[in-house]
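Engineer: would you be able to build a 3D model of this:
(one chain, ligands or ions: 1)
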Amino acid sequence: MSDCKLRAKNCGGCPLLGLDYAAQLKQKESAVRALLGKYGPVHPIRGMDVPYRYRNKVISTFAPAAGGKLTSGIYAARTHKVLPVESCLLEDEVLDKVLLAVRAAANRCRYQPYNEDRGTGLLRHCLLRRAVATGQVMVVLVTAQPVLPGAKNFVRYLLEEAETRGVPVTTVVQNYNPRQTSVVLGEAEKVLYGKGFILDTLCGKTYALSPRSFYQVNPVQTAVLYGLAVDAARLTGKETVLDAYCGIGTIGLTASGKAKQVVGVELNRDAVRDAIGNAKHNGVKNARFFAADATAWIQEAAEAGQRADVIFMDPPREGSTPRFLESVARMAPKRVVYVSCNPETMARDLALLTQKGYRAEGFVPVDLFPQTAHCEVVGALSRL
Ligand code: SAH
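Structural biologist: Numbering: from 1, shown residues only. This is a model prediction of the structure:
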């Protein structure tokens, strides 16, 4: 399973596929060590036993096929040409089959793919999500028109086609996106079948995932990452914990049973709504979540004299800001756990944090994205 015919066709999804997995891990670990080694020891990278088929989310773009039918796939690298995909080495195998069922049902309904240049046609993208712990599957059909003609038949055909292929479909949602944009989802949504969300379990907590919810795409390695992050915090049950850049609250909720209280901060309002719901249906009573820019929020909290014993921070690829890091130092937590998806911005942020009185105890790289150049890192810092 170490090559893929899509690579020759300029797929671009797996830049490291030609490199043996052990060599990929070594390369990522060395890159992290080169960036962070001067701040503290870089421990061996955590890789996957089976570094394929890990993605629980698929986005496929519809395109015309022979005989007036439609197919779907991904854009070839640096183009707007759709490369049809029958099977992808990174994607959950169940989702490969669900996608074939979606295409077959769409063809039975004679739906036409949307044409970006002419603005004609109906179907733009299909977003699929599989909750690996529960097996539930969500299908989101993104349309260029507000109405999906014969939606009931589409659902009936889809359930038939899925059953033929031996895969489940738990819920089907239509998303209407009329805009000229490369953003996949639009604002308006209509549930065509099921509840409009699926439930997944991760590190002992249950999460409701809607079409728009941000959720890590590699569940096996996310459990490793969160486990390392919560361990690094060395919680005793007495701590006030801040989960900055918290998304749908996963890190804070994973830690909530070991802390006195958890406060989560996240910019995306939908994610915050999900986080509040997730706390509620898991019976977590000691967690609160705020929708705000993390820098503005923490600066205000620090100025108001608020304290935290432990701060988790998991910023986006751009990393954090000097004002955020200065406010962290003012809040004087005994421990900071920095979870990063970009070791370069992490190194930049560590230069400041270590000047402000924190020392890195160590770093663990975690390979969340085998076959790609990306690497996550968990860094544990303590106050001098
Ligand atoms: N900890 C979460 C999410 C990490 S991704 C998880 O593991 O799933 C980074 C998150 O930072 C995203 O949810 C993004 O919406 C959020 N974010 C980006 N810029 C932000 C800002 N300025 N303030 C607060 N949150 C921000």
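
Engineer: residues touching the residue of the stretch 151-300 of the chain found nearest the ligand, list them.
Structural biologist: Closest to the ligand within the stretch 151-300 of the chain is G247: 2.8 Å, counting by C-beta to the nearest ligand atom. C-beta here means a position set from N, CA and C on the backbone, and glycine is covered the same way. G247 is in contact with F214, Y215, E266, N268, A271, A275, D314, counting by C-beta atoms under 8 Å, 6 or more residues apart in numbering.

Engineer: for burial, what's the neighbour tally of the last one?
Structural biologist: Around D314 there are 24 other residues, counting by other C-beta atoms under 10 Å.

Engineer: quick check: the gap between the closest residue to it other than its chain neighbours and the ligand.
Structural biologist: Leaving aside its sequence neighbours, D314 sits nearest to V339 (C-beta to C-beta, 6 or more residues apart in numbering; 4.1 Å). Note on V339: its distance to the ligand, by C-beta to the nearest ligand atom, to the nearest Å, is 7 Å.

Engineer: torsion angles phi and psi at V339?
Structural biologist: When read as degrees, to the nearest 10, the backbone of V339 gives phi -100, psi 120.

Engineer: element containing E161, please.
Structural biologist: helix 151-164 (DSSP states H and E).

Engineer: list the buried residues for that helix?
Structural biologist: Using 16 or more other C-beta atoms under 10 Å as the test for burial, helix 151-164 gives A151, F154, V155, Y157, L158, L159, E161, A162.

Engineer: the fourth one and R108 touch, don't they?
Structural biologist: Yes - using C-beta atoms under 8 Å, Y157 is in contact with R108, at 4.8 Å.

Engineer: now the helices for the protein?
Structural biologist: 21-36, 93-108, 151-164, 219-233, 250-255, 269-281, 294-303, 322-331, 343-355 (DSSP state H).

Engineer: ranking those helices by burial, who's on top?
Structural biologist: Of the helices of the chain, the one with the most neighbours on average (mean count of other C-beta atoms under 10 Å) is helix 250-255, at a mean of 26.

Engineer: so who does the nearest residue to K356 once chain neighbours are set aside touch?
Structural biologist: Sequence neighbours aside, A329 is the residue nearest to K356 in space, at 3.7 Å (criterion: C-beta to C-beta, 6+ apart). By C-beta under 8 Å, 6+ apart, the contact list for A329 reads L353, K356, G357, Y358.

Engineer: show me what from the stretch 151-300 of the chain comes close to the ligand.
Structural biologist: 214, 216, 245-247, 250-251, 265-268, 271, 293-294 (C-beta under 6 Å from any ligand atom).

Engineer: name the nearest residue to the residue nearest the centre of the chain, ignoring sequence neighbours.
Structural biologist: The residue lying closest to the centre of the chain (C-alpha atoms, centre = their mean) is Q216, at 2.8 Å. Counting by C-beta to C-beta, 6+ apart, Q216 lies nearest to T222, which is 4.0 Å off, once chain neighbours are set aside.

Engineer: how much space between that neighbour and N115?
Structural biologist: T222 sits 37 Å away from N115, going by C-beta to C-beta, to the nearest Å.

Engineer: go on, V366?
Structural biologist: 41 Å.

Engineer: again, but for R53
Structural biologist: R53 sits 32 Å away from N115, going by C-beta to C-beta.

Engineer: who has more neighbours out of those two?
Structural biologist: R53 (19 against 14).

Engineer: pretty sure the more buried one contacts L95?
Structural biologist: No - judged on C-beta under 8 Å, R53 makes no contact with L95 at a distance of 9.3 Å.

Engineer: on that earlier part again, now, the most widely separated pair of the buried residues of helix 151-164?
Structural biologist: Longest distance between any two of these is 16.2 Å, between A151 and A162; criterion C-beta to C-beta.

Engineer: what bits of the stretch 1-150 of the chain have low per-residue confidence?
Structural biologist: Residues of the stretch 1-150 of the chain meeting the criterion pLDDT under 70: 1-2.

Engineer: can we see that at 80?
Structural biologist: Residues of the stretch 1-150 of the chain that meet the criterion pLDDT under 80 lie in 1-3.

Engineer: returning to that earlier point: turn the contacts of G247 into a markdown table, including pLDDT and distance to S72.
Structural biologist: As requested, the contacts of G247 are exported to a markdown table (pLDDT from 0 to 100; distance: C-beta to C-beta, whole Å):
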| residue | pLDDT | distance to S72 |
| --- | --- | --- |
| F214 | 87 | 23 |
| Y215 | 92 | 22 |
| E266 | 97 | 32 |
| N268 | 92 | 27 |
| A271 | 91 | 27 |
| A275 | 96 | 32 |
| D314 | 98 | 32 |
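
Engineer: sorry, back to before: possible to save the helices of the chain as CSV with distance to G119?
Structural biologist: What follows is the helices of the chain, written out as CSV (distance: least, C-beta to C-beta, whole Å):
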stretch, distance to G119
helix 21-36, 42
helix 93-108, 19
helix 151-164, 22
helix 219-233, 38
helix 250-255, 39
helix 269-281, 28
helix 294-303, 39
helix 322-331, 42
helix 343-355, 39
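
Engineer: wait, which of those helices is closest to R46?
Structural biologist: Across these, the minimum distance to R46, taken as C-beta to C-beta, is reached by helix 219-233, at 5.3 Å.

Engineer: so what's L228 closest to, chain neighbours aside?
Structural biologist: For L228, ignoring the flanking residues on the chain, the nearest one in space by C-beta to C-beta, 6+ apart is V378 at 4.5 Å.
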